[in-house]
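Model the following, please.
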Amino acid sequence: MDKMSILNSYIEKCDENIEQKDQSKAEMLMDEVIGVFEAEIPDIKSQLTMYGWGAPSVNYFKDLAVIKAILTNYRANLKREDDIRGAELEMLRLKQSILNLNINNTNNNEALSTAKASAAVNVTIKQTLESINNFPEDVLSKEEKESLEEKVASLELLTKSGDKEKASKKLGSILKYVADKGIEVGIALLPYLGEISKLLQGS
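Numbers count the residues shown, from 1 in each chain. Okay, here's the model as predicted:
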């Protein structure tokens, strides 16, 4: 069983025990969860009544609610770390693809199939533009969103035009822009950029 499955299982058990109101089972579950996760979540005992925090007497069901919240937050953090690692790997893969593409294009600028380009890219272009628009102002300003949308639209047009060399250069410039803007922008844009990269490589 992987880490996410274990976390999901314990979160579900917390819900079940809170509903059942069986104090002995709740106590056993608390001990088990703390035993499993204390090394990974050092503050897991924080604010628990069973360790003398916040109440004159132990309330195992209140403690389970706290533990559930801690596990849920920990699960979200792990997913976020996985997303970041995935984005970083995709960034490296795309950089290598662009490098290879530029080398291959030195003496070769064959036309792409417009129909093929449309079929491959339209799957993600709409949701990519929606993702850009949904970024909060502290991630991308209105002007930055408009600039990025123009870059993406330009890349799509170049891809459909059949000019692999210009398309790969535009892809590289967008990749650099995305890297400068941070991992949140990267996570949103990399699936689309990956589709473009595969399309250019396969043509």
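
Can you report how many residues lie near Pro42?
Neighbour count for Pro42, taken as other C-beta atoms under 10 Å: 9. All C-beta atoms are positioned from the backbone trio N, CA, C, and that covers glycine.

Could you check how many residues crowd around Lys21?
When counting by other C-beta under 10 Å, one arrives at 10 neighbours for Lys21.

Please give me every residue in contact with it.
Contacts for Lys21 (C-beta atoms under 8 Å, 6 or more residues apart in numbering) come out as Phe61.

Any buried residues in the strand or helix carrying Ser147, and which?
Following DSSP states H and E, one finds Ser147 within helix 142-161. Residues of helix 142-161 classed as buried: Glu144, Lys145, Leu148, Lys151, Val152, Leu155, Glu156, Leu158, Thr159, Lys160 (neighbour count, 16 or more other C-beta atoms under 10 Å).

what packs against the helix or strand following that helix?
In the C-terminal direction, the helix or strand that comes right after helix 142-161 (DSSP H and E) is helix 164-181. Applying 3 or more C-beta pairs under 8 Å, 6 or more residues apart in numbering; DSSP states H and E, one finds that helix 164-181 contacts helix 60-104, helix 142-161, helix 183-202.

can you state the direction angle for helix 164-181 and helix 142-161?
Here helix 164-181 runs at an angle of 160 degrees relative to helix 142-161 (axes from the mean of the first three to the mean of the last three C-alpha atoms, to 10 degrees).

So what's the gap between helix 164-181 and the chain middle?
The chain centroid and the centroid of helix 164-181 are separated by 20 Å under C-alpha atoms, centre = their mean, to the nearest Å.

and that helix with helix 183-202, angle?
On the basis of the same axes, to 10 degrees, helix 164-181 is oriented at 160 degrees to helix 183-202.

buried sites along helix 164-181?
Within helix 164-181, the residues scored as buried using 16+ other C-beta under 10 Å are 164-172, 174-175, 178-179, 181.

quick one: average pLDDT of it?
Across helix 164-181, pLDDT averages out at 84.

Which residue, other than its chain neighbours, is closest to the residue nearest the centre of the chain?
Nearest residue to the geometric centre of the chain (C-alpha atoms, centre = their mean): Asp83, 3.5 Å. Leaving aside its sequence neighbours, Asp83 sits nearest to Ile187 (C-beta to C-beta, 6 or more residues apart in numbering; 5.5 Å).

and the gap between the one you found and Asn17?
Per C-beta to C-beta, to the nearest Å, Ile187 is found 35 Å from Asn17.

which of these two has more neighbours?
Asn17 (22 against 17).

Leu7 versus that one, what's the distance?
Look at Asn17 and Leu7: by C-beta to C-beta, they are 16 Å apart.

Next: Ala69.
The separation that Ala69 has from Leu7, given C-beta to C-beta, amounts to 13 Å.

Neighbour count for the two, which is higher?
Between Ala69 and Leu7, counting by other C-beta under 10 Å, Leu7 is the more crowded of the two (19 against 13).

Quick one: residues contacting the more buried one.
Contacts were defined as C-beta under 8 Å, 6+ apart; by that measure Leu7 touches Leu71, Tyr74, Arg75, Leu78.

Apart from its neighbours in sequence, what residue is nearest the third one?
Think Arg75. Nearest residue to Arg75, sequence neighbours excluded (C-beta to C-beta, 6+ apart): Leu7, at 4.6 Å.
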